[in-house]
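Chemist: Provide a 3D model corresponding to the input given below.
(2 chains)
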Amino acid sequence: MSISTKYNPKEVEKKWYDSWMQRGFFHSEPNPNKEPYTIVIPPPNVTGVLHMGHMLNNTIQDVLIRRARMQGKEACWVPGTDHASIATEAKVVAMLKEKGINKSDLTREEFLEHAWEWKEKYGGIILEQLKKLGASCDWDRTRFTMEDDMSAAVIEVFVDLFRKGQIYRGVRMVNWDPQGRTALSDEEVIPKDTMAKMYHLQYEVVADSASTEPTYITVATSRPETIMADVAVAVNPNDERYTRLHGKSVRIPLLGKVIPVILDEYVSIDFGTGALKVTPAHDLNDYELGQKHKLPTIDILNNDGTLNEQAQLYVGQDRFAARRNIVKDLQETGMLVKIEEYASVLQTSERTGAVIEPRLSMQWWCKMDNMAKPALEAVMNDEIRLHPPKFKNMYRSWMENVHDWCISRQLWWGQQIPAYYLPDGSYVVATTAEEALRLARKESGNNELQLEDLRQDEDVLDTWFSSWLWPISVFNGFKDPDNKDISYYYPTNDLVTAPEILFFWVARMIMAGYEFRNELPFKNVYLTGIVRDTQGRKMSKQLGNSPDPLDLIEQYGADGVRAGMLFSSPAGNDLLFDEKLVEQGRNFSNKIWNAFRLIKGWEVDESLSFPNETAVAWFESRFNEAFIQIEDHFSKFRISDALLAVYKLVWDDFCSNYLEMIKPAYQQPIDKQTIDATTAFLEKVLKVLHPFMPFITEEIWHELKERKNKEYLIVSAWPKKEKFNKGVIEKMESVLNIVGAIRNVRNSKNIPNSKQLDLSIKNLSGTNYEPFLGIIRKLAGISEVSFVSDNLEGAISFVEAGDEFFIPMEGNIDVAAERERLTKELEYTKGFLASVDKKLSNERFVSGAPEAVITAERKKKADAEAKINAIEQSLAVL
RNA sequence: GGGGUGUUAGCUCAGCUGGUUCAGAGCACCUGCCUUACAAGCAGGGGGUCACUGGUUCGAAUCCAGUACGCCCCA
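Modeler: From the prediction side, this is the model:
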């Protein structure tokens, strides 16, 4: 037999992936005779490379889709990528810069040409990487959020929502990324804990008459460079320190401009000095305060973060340079009282890392409140289930406090907003320029207008404004709402994604589902955790703590990596990734491989009788029991638990126990009935293992037997739930306990495995041990078994299931040690009995507890008493 | 500040409907084995007041309240 003792995944994985592709097993077409099962991939950024998060996420999707396929459903997993406007544009800008080209020197068309070229060349690598993982996506259906159809859907949706009054244009406070020079949604802003400085500045109070000494009010701010944009100083009306200032005005330091003191309970008395400078253009809270008190707004920043003319001072300087300079100048004039360090949260851009500038700007907005309602309800009433359900609360609080969505981005890569400005500044919204012209002529009453007179809005839409349509648009549901694909596959079944994007993607897809199809987009949302390193740190490029997934696959095999990722990742929990887990996954592959080698290596002798009836009957039941558990785990999306249950079934039950029971002596042949049963068991085991470890299972499946053309494991029938015999399982459990006890004796007495032992059984329970004697002999290395009615002298004894067992020790038994061991066990059992007795003598327990519990307690009592009796007898004969 | 969530073995975590799956798994550790499927393995073993304090209950790791510490989301 020349099969290697080590499983070698490399060529096996490539072979089977190609073979599956060739035979079209991943491809799906609507089939009215089958139940559809659909997953749409969370489209990774087209610029992305596979990281550990993707690995986890896509492994789970593949497990679900493979199981569904085997269950006979029409399984369709739609892959694709997202155009990721900011990330991609940043990459392209950087690439151009390396070539010495500035974006600002290019026209929009030129830039987009470069971008597309870049996308064609480098985009979508990640999809190729997913194939290495074994992802069984329907690659014929691969989509990209900026391909023509998808973009058309985005534009159509924009126009539709605009006509419904759900989209508007307005000046609002936005998160401004001065580096990317674009607005960001709240979700694209990452708060970072930092130590910041709090500057205490003096504002001179404008005196009633010129004669009095100047007085000052101290204001605390973290952003001294914005004082030129101040329009008021606010204090709490209940703050007695400042009562004297009610109705007064103050002078801005350096600038000398006079601004009023206003009163508002919003100001917290204990924070800073209790006096707040109000800068509506550069702080969200100040903006709201300004609106409330009808204060003007003075915007002193350019879109690149430098100061503009409105600032009057430090014009043209970057905001941080201006801060350094103003601090120096304030110090020199004595208006800076002190600088304090305090822990603060810095808002930064997810894409560029720049510090976010709250900024007033004209943007496009999408109203959320109407759409949020059905989306909230669907989750609250479990039409859409979140796994784990703890995310429901979070979802609710977000949806109840939902803000309008800023959907415009000052970028070129993406869907350009279909708004067209007329020369007079008014605008129309239309899917095409031609239609826009028609509308413009109609609305303006000016039939002389030409296409050249219209100017399309420069901005593009937020990436998520295309992603939220994904489950519908991948099936062309906008252009052709009743096509056979969308009618069949939509609503999809399960969505697997990270909790980080629960709001800006998942929630919005739900809204889009109800808004555009009156139907939920998916039924279950499985939320994975974040993959962290062993120290609990998020994996990141900067930290360099993330292993390269492809290296891992190279080293441990895709199956090993998949299993490793799943071993410790219950839904919604972060996964502390340790390469040890992948090693365990690899070892598991090897274990299965060797079980296969063993079975494959046996010679069959058809003349032999069938000696393994008990073992076969037991494993049959055990498989069915485990399978029911596995299915239960799956039904509750406990993927990790399902794998662990399979793992134990394979390793403990099948390999350590079953195969050892039936294994013929060295170089002896096996009987026909046993080999047939065992082959069938292995096939069943391979089936339940296949979704987790597709490659090795397919390999063994084909090596085990000749298979016809399309008889592949990937499309074989998932096992059915069947009844099992609980009694058989329990009996075997106690037999295995006996084996364990004998092995323990062997170990503690240093008796080598090669030395056979004898066993005497004092059968008090009336159990029929006959069918199990062969198993006990084989697994525990016993030669003679005898049944006795008296205790054996000079033997080590133990009790199991009410019966006593003796192993003769040929006189060299350590009486003292044995006595000690038995005494200890006796003490323990007596203590145990006492606690059971206490319970049973408690009348309220007996009357209050259910019958089954009481019976169980009575049985415990009887067992304990029998055991005490047996130990005492053993002690007596020692 | 508001809301959520967690704290179980050295580590990572299960424990779902309160009671035999109730204190468990994997890794790590210790002992002994290269026993012809597998040393990427086999056999055995040690290790936990279930964060703390109270309450409900015949019975609490499990339910409730509070405290401490951690994490997440929103401000």
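Chemist: and the top strand by length along chain A, how far out from the chain middle?
Modeler: Using DSSP state E to define each element, chain A has its longest strand at strand A:189-205. Chain-centre distance of strand A:189-205: 36 Å, with C-alpha atoms, centre = their mean, to the nearest Å.
Chemist: list the helices and strands that strand packs on?
Modeler: strand A:215-221, strand A:249-251, helix A:319-333, strand A:336-349 (3 or more C-beta pairs under 8 Å, 6 or more residues apart in numbering; DSSP states H and E). For glycine as for every other residue, the C-beta is placed from the backbone atoms N, C-alpha and C.
Chemist: in the last one, what's buried?
Modeler: Applying a neighbour-count criterion of 16 or more other C-beta atoms under 10 Å, the buried positions in strand A:336-349 are A:336-337, A:347-349.
Chemist: again with the third one
Modeler: Of all the residues in helix A:319-333, those buried under the rule 16+ other C-beta under 10 Å are A:319, A:322-323, A:326-327, A:329-330.
Chemist: cool, stretch A:660-680 as well?
Modeler: In stretch A:660-680, counting by 16+ other C-beta under 10 Å, buried: A:661-664, A:670-671, A:673-675, A:677-678.
Chemist: just put the helices and strands packed on strand A:189-205 in CSV and tack on mean pLDDT and distance to RNA strand B.
Modeler: Putting the helices and strands packed on strand A:189-205 into CSV (pLDDT from 0 to 100; distance: least, C-beta to the nearest atom of the strand, whole Å) gives the following:
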stretch, mean pLDDT, distance to RNA strand B
strand A:215-221, 86, 17
strand A:249-251, 91, 26
helix A:319-333, 91, 22
strand A:336-349, 76, 5
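Chemist: any chance of those in JSON lines, plus distance to residue A:231?
Modeler: Formatted as JSON lines, those follow (distance: least, C-beta to C-beta, whole Å):
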{"stretch": "strand A:215-221", "distance to residue A:231": "13"}
{"stretch": "strand A:249-251", "distance to residue A:231": "11"}
{"stretch": "helix A:319-333", "distance to residue A:231": "18"}
{"stretch": "strand A:336-349", "distance to residue A:231": "21"}
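Chemist: quick one: closest of these to residue A:495.
Modeler: Nearest of the helices and strands packed on strand A:189-205 to residue A:495, taken as C-beta to C-beta: strand A:336-349 at 26.9 Å.
Chemist: which strands and helices sit next to that closest one?
Modeler: Helices and strands touching strand A:336-349, by 3+ C-beta pairs under 8 Å, 6+ apart, are strand A:167-177, strand A:189-205, helix A:319-333.
Chemist: what do you get if the cut-off is 10 Å, keeping everything else the same?
Modeler: With contacts defined as 3 or more C-beta pairs under 10 Å, 6 or more residues apart in numbering; DSSP states H and E, strand A:336-349 has these neighbours: strand A:167-177, strand A:182-184, strand A:189-205, strand A:215-221, helix A:319-333, strand A:357-366.
Chemist: in the longest one, what's buried?
Modeler: Neighbour-count burial for strand A:189-205, with 16+ other C-beta under 10 Å as criterion, is recorded at A:198-205.
Chemist: rebuild these as a markdown table, extending it with pLDDT and distance to RNA strand B.
Modeler: A markdown table is the format used below for these (pLDDT from 0 to 100; distance: C-beta to the nearest atom of the strand, whole Å):
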| residue | pLDDT | distance to RNA strand B |
| --- | --- | --- |
| A:198 | 80 | 16 |
| A:199 | 86 | 20 |
| A:200 | 87 | 21 |
| A:201 | 89 | 23 |
| A:202 | 89 | 28 |
| A:203 | 90 | 25 |
| A:204 | 89 | 31 |
| A:205 | 89 | 30 |
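Chemist: averaged pLDDT, the one helix or strand residue A:796 maps to. What do you get?
Modeler: Assessed by DSSP states H and E, residue A:796 sits inside strand A:795-800. On average, the pLDDT along strand A:795-800 is 86.
Chemist: mind saving the C-alpha coords of that strand as PDB?
Modeler: Extracted as PDB, the C-alpha positions of strand A:795-800 are listed here (Å, rounded to 0.1, in the frame of the first residue of the first chain):
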ATOM      1  CA  ALA A 795      -6.700  -7.900  42.400                       C
ATOM      2  CA  ILE A 796      -7.400  -4.300  41.600                       C
ATOM      3  CA  SER A 797     -11.100  -3.600  41.500                       C
ATOM      4  CA  PHE A 798     -13.400  -1.000  40.200                       C
ATOM      5  CA  VAL A 799     -17.100  -0.500  39.900                       C
ATOM      6  CA  GLU A 800     -19.000   0.500  36.700                       C
END
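Chemist: pairing partners for it, with directions?
Modeler: With DSSP bridges as the test, strand A:795-800 is paired with strand A:803-808 (antiparallel).
Chemist: now find how far off-centre the partner strand is within its chain.
Modeler: 53 Å.
Chemist: helix or strand right after it?
Modeler: helix A:815-841.
Chemist: and the residue nearest the centre of chain A?
Modeler: Nearest residue to the geometric centre of chain A (C-alpha atoms, centre = their mean): residue A:528, 1.6 Å.
Chemist: and that one, how far is that from residue A:350?
Modeler: Residue A:528 sits 19 Å away from residue A:350, going by C-beta to C-beta, to the nearest Å.
Chemist: what of residue A:33?
Modeler: 46 Å.
Chemist: okay, the two: which has more neighbours?
Modeler: The residue with more neighbours, out of residue A:33 and residue A:350, is residue A:350; 15 against 6, by other C-beta atoms under 10 Å.
Chemist: ok, and the closest non-adjacent residue to that one?
Modeler: residue A:188 (4.6 Å; C-beta to C-beta, 6 or more residues apart in numbering).
Chemist: what do you get for residue A:85?
Modeler: Distance criterion C-beta to C-beta, 6+ apart; nearest residue to residue A:85, sequence neighbours excluded, is residue A:414 at 3.9 Å.
Chemist: sorry, back to before: the residue nearest to the centre of chain A against residue A:502, yeah?
Modeler: No. Contact criterion C-beta atoms under 10 Å: residue A:528 and residue A:502 do not qualify, at 11.3 Å.
Chemist: between the two, which contacts overlap?
Modeler: The overlap between the contact sets of residue A:528 and residue A:502 (C-beta atoms under 10 Å, 6 or more residues apart in numbering) is empty.
Chemist: thinking again about what came up before, can you check the pLDDT for the residue nearest to the centre of chain A?
Modeler: According to the prediction, residue A:528 has pLDDT 85.
Chemist: I'd like the distance between it and residue A:809.
Modeler: Taken as C-beta to C-beta, the span from residue A:528 to residue A:809 is 56 Å.
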